[in-house]
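Colleague: Sequence unavailable; structure follows:
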């Protein structure tokens, strides 16, 4: 059976050039880059160059990019360490209700420990309002953490406006850009971003490596302490192969490539929506079709619970997700969609996320539309039969 | 195309082997893990995560896809609420029977049908056969020690039509052996015991999280106060009362719970395992459900019944009136417990069941609730 992968927001396949880079590094670069001898010395330049690739990709300085194990570690480090180290200046934090759990749960934990956390609500398109944000901002706000775009709906957040507002405020601005890196050009300087998190495995790189961008004027203590790697900011033996793989993956997403993929994804999304309509599937877009990352499309498939549609599609060879992950493998109601449609639990439970990637051809998207239509129509017919 | 069986996999050895056998028989097998209990609702340790890991491992070993479905709300509304309500009434409920009736053979069956299942299966020890008229009959498992028809006896022919019981002709040790030789991850996993959502935890402690307990008096049927109890709800008819050994008037036999008065919050205790107050000759039960609704219990010969799981069958005669039944037995029975099911058999066939409401000793009602 042919298998189709439409869950690139969960993770992407690793690009062949990245695999080559990592494999070569595993063979050639076994040395510990912190060692003072030959084996430690020989990869120092390559590490610097890799860091440069990532720094350039987001317009940061070389000394502002740190390698971590991924966005979860970056988010944890930035939020917890900022909140704790600035608490004499204030104990107010701002975030949104639709952040990734690696932000939300840290915020909830800090709230339990005496911090005052504002969780900004979202509208039915999944984004926050600047009015709400301005109203929430206080003199004692020390950190604002808002995702670049949502992981379930792809909906963009008003990052530029918030960055603008915070220019004249002492609060630091953290952006979780995990879903945006590689499909959007991000300029931390222009956007006024102080901290940024991202992971390699969303951009055709390996799992287990990510970045933490930190404005050089924002000083926070490390979360992981031990060795003096990463300019004493992140202890742990430098993971050269994965860092090189990350840099290679980033290189493959240079601005020319980004534009190419944006156009392809948008066309594929339009095709999918058009086909589903033609095939008689009753659906609605969750979020905003245009104000979203190009690769993510979240759909309310009216009348068919996602806990039925997703297994059936998987058994037909189409891998998609309902967005939010799981306790013991069974999907809980998506907190993102619940925040967007608090009075429409049915919509929340009948929604699926399609996230496109380099490996999807236009023919695959057409096949997906037909597979969804087939399953939806079959489901509705059997329901009607059961009623009559 | 081969027929699809959606197998409810719990992460235990029985449902693992069910899935394996069905796969070997050529079915299109899809594993589904049911999550029925939100462990964050009590202070429990979450076994669901480990169980799902085990399902994943076994499914991969067998080579079948697997998914999970969440029936926490259905379980809470239809099983746990009933469970608590029964305890409030001073009865001793059997949530596993209701779970089978309402969740495993209803919600799960419906869900499996939506996944295009031709059949469902789990790890129960039971058998079925379809007669010439097309009715499905529920039969005891070959392994009489593991036979689980007691828990399935509220199901209807309609619920059983699409069920396969792959373990019906196997003894438990054989099931373990099959799991072992196939190298399944669950081959040596301990069988789960007790009520599924309580597991190995302290029952009283668990119940205390949900039902307020009121201390009250423990007294003999003659009104002689013997001590205090922690709440009548925590006690089951026939259990040791927890009173110290050392009797009255030279009687050194241990003390047992022989009755409850929920309204006055009194627990009646008396001495002797075979205390006459524990011995009954008939009972009244309601919510009668027969696998084959056309079966006439009143006219059936050689009827036997079980009043609790794993009890030996007892010869009975039955008089039905609508959904209620009066069940009489010549051999007096000890500590038949309101809330439990009386399950009817004729030979190897399990006919159906009802829930015990009142218990009588020669026409006189015993003070069991």
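Modeller: Right, received. Where do you want to start? Given the structure is predicted, the values throughout are model-derived calculations rather than measurements.

Colleague: got the buried residues for the top helix by length along chain A?
Modeller: Using DSSP state H, we find that the single longest helix of chain A is helix A:362-387. The neighbour-count check on helix A:362-387 (16 or more other CB atoms under 10 Å in any protein chain shown) flags A:364-365, A:367-369, A:371-373, A:375-376, A:379-380 as buried. Bear in mind the C-beta positions are built from the backbone N, C-alpha and C, glycine included.

Colleague: Can you tell me what sits against the helix or strand containing residue B:20?
Modeller: Taking DSSP states H and E as the criterion, residue B:20 maps to helix B:13-24. The contact list for helix B:13-24 (CB atoms under 8 Å, 6 or more residues apart in numbering or on different chains) reads B:5, B:7-9, B:29, B:31, B:54, B:58-59, B:62-64, B:121-125, B:164, B:166-167, B:170, B:175-176, B:178-179, B:182, B:184-189, B:191.

Colleague: swap in stretch A:15-30?
Modeller: A:14, A:39, A:42-43, A:46, A:204-206, A:240-242, A:244-245, A:248-249, A:252, A:358.

Colleague: Tell me the buried residues within those residues.
Modeller: Buried, going by 16+ other CB under 10 Å: A:14, A:43, A:46, A:204-206, A:240-242, A:244-245, A:248-249, A:252, A:358, out of the contacts of stretch A:15-30.

Colleague: how about those, which pair is most distant?
Modeller: A:43 and A:358 (28.7 Å; CB to CB).

Colleague: Point me to the residue of the stretch 1-150 of chain B nearest chain A.
Modeller: Proximity of the stretch 1-150 of chain B to chain A (CB to the nearest CB) peaks at residue B:68, 3.5 Å away.

Colleague: and which of the buried ones among the contacts of stretch A:15-30 is nearest to chain B?
Modeller: residue A:14 (21.8 Å).

Colleague: Would you agree that closest one falls within a helix?
Modeller: No - Residue A:14 is assigned coil when assessed by DSSP: H, G, I helix; E, B strand; the rest coil, not a helix.

Colleague: show me the contacts for it.
Modeller: If you count contacts by CB under 8 Å, 6+ apart, then residue A:14 has A:22, A:201, A:204-206, A:245, A:249 around it.

Colleague: same check, this time on residue A:165
Modeller: Applying CB under 8 Å, 6+ apart, one finds that residue A:165 lies in contact with A:130, A:133-134, A:137.

Colleague: again, 10 Å this time
Modeller: Shown in contact with residue A:165 (CB atoms under 10 Å, 6 or more residues apart in numbering or on different chains): A:130, A:133-134, A:137, A:144, A:158, A:171, A:173, A:192.

Colleague: returning to what we had before: wait, is the residue of the stretch 1-150 of chain B closest to chain A part of a strand?
Modeller: Yes - read with three-state DSSP, residue B:68 is one of the residues of a strand.

Colleague: and it, how far is that from residue B:56?
Modeller: To residue B:56, residue B:68 is 10 Å away according to CB to CB, to the nearest Å.

Colleague: Can you pick out the residue with more neighbours from these two?
Modeller: Legend: neighbour count by other CB atoms under 10 Å in any protein chain shown for residue B:68 and residue B:56, higher for residue B:68 (22 against 18).

Colleague: I figured the more buried one hits residue B:55, correct?
Modeller: Yes - Residue B:68 lies in contact with residue B:55 (CB atoms under 10 Å); the separation is 8.1 Å.

Colleague: how near is the residue in the stretch 251-369 of chain B positioned nearest to chain A to residue A:169?
Modeller: Of all residues in the stretch 251-369 of chain B, residue B:293 sits closest to chain A, at 20.9 Å by CB to the nearest CB. Counting by CB to CB, the gap from residue B:293 to residue A:169 is 73 Å.

Colleague: Helix A:362-387 and the strand or helix carrying residue A:271, what's the angle between them?
Modeller: For residue A:271, the host element (DSSP H and E) is helix A:255-278. Orientation note: helix A:255-278 sits at an angle of 30 degrees relative to helix A:362-387 (axes from the mean of the first three to the mean of the last three CA atoms, to 10 degrees).

Colleague: May I see the buried residues of helix A:255-278?
Modeller: For helix A:255-278, by 16+ other CB under 10 Å, it's A:258, A:261-262, A:264-266, A:268-269, A:272-273, A:275-276.

Colleague: Now do the strands in the stretch 1-150 of chain B.
Modeller: Here the stretch 1-150 of chain B has its strands, by DSSP state E, counting those that start in this stretch, at B:4-8, B:28-35, B:66-70, B:119-121, B:127-130, B:136-139.

Colleague: The stretch 151-300 of chain A now?
Modeller: Under DSSP E, counting those that start in this stretch, the stretch 151-300 of chain A gives strands at A:172-176, A:195-199, A:210-214, A:283-285, A:296-301.

Colleague: from the chain's centre, how far out does the fourth one sit?
Modeller: Right, strand A:283-285. 22 Å (CA atoms, centre = their mean, to the nearest Å).

Colleague: Please apply the same query to the longest one.
Modeller: The offset between the C-alpha centroid of strand A:296-301 and the centroid of the whole chain comes to 17 Å, using CA atoms, centre = their mean.

Colleague: quick one: contacts for the residue nearest to residue B:290 when sequence neighbours are not counted?
Modeller: Using CB to CB, 6 or more residues apart in numbering or on different chains and skipping the chain neighbours, the partner closest in space to residue B:290 is residue B:352 (3.6 Å). When the contact criterion is CB under 10 Å, 6+ apart, the partners of residue B:352 are B:138, B:153-156, B:288-293, B:295, B:297, B:325, B:341-345.

Colleague: In strands, which of those residues fall?
Modeller: Among these, DSSP state E puts B:138, B:288-290, B:325, B:341-345 in strands.

Colleague: Identify the farthest-apart pair in those residues.
Modeller: Top of the distance list for the ones in strands among the contacts of residue B:352 (CB to CB): B:138 and B:325, 17.9 Å.

Colleague: which residues does the closest residue in space to residue A:13 that isn't next to it in sequence contact?
Modeller: Nearest residue to residue A:13, sequence neighbours excluded (CB to CB, 6+ apart): residue A:359, at 6.0 Å. For residue A:359, the contact set (CB under 10 Å, 6+ apart) comprises A:4-6, A:8, A:12-13, A:15, A:204.

Colleague: Just the buried residues of those.
Modeller: Buried members of these, scored by 16+ other CB under 10 Å, are A:4-6, A:8, A:12, A:15, A:204.
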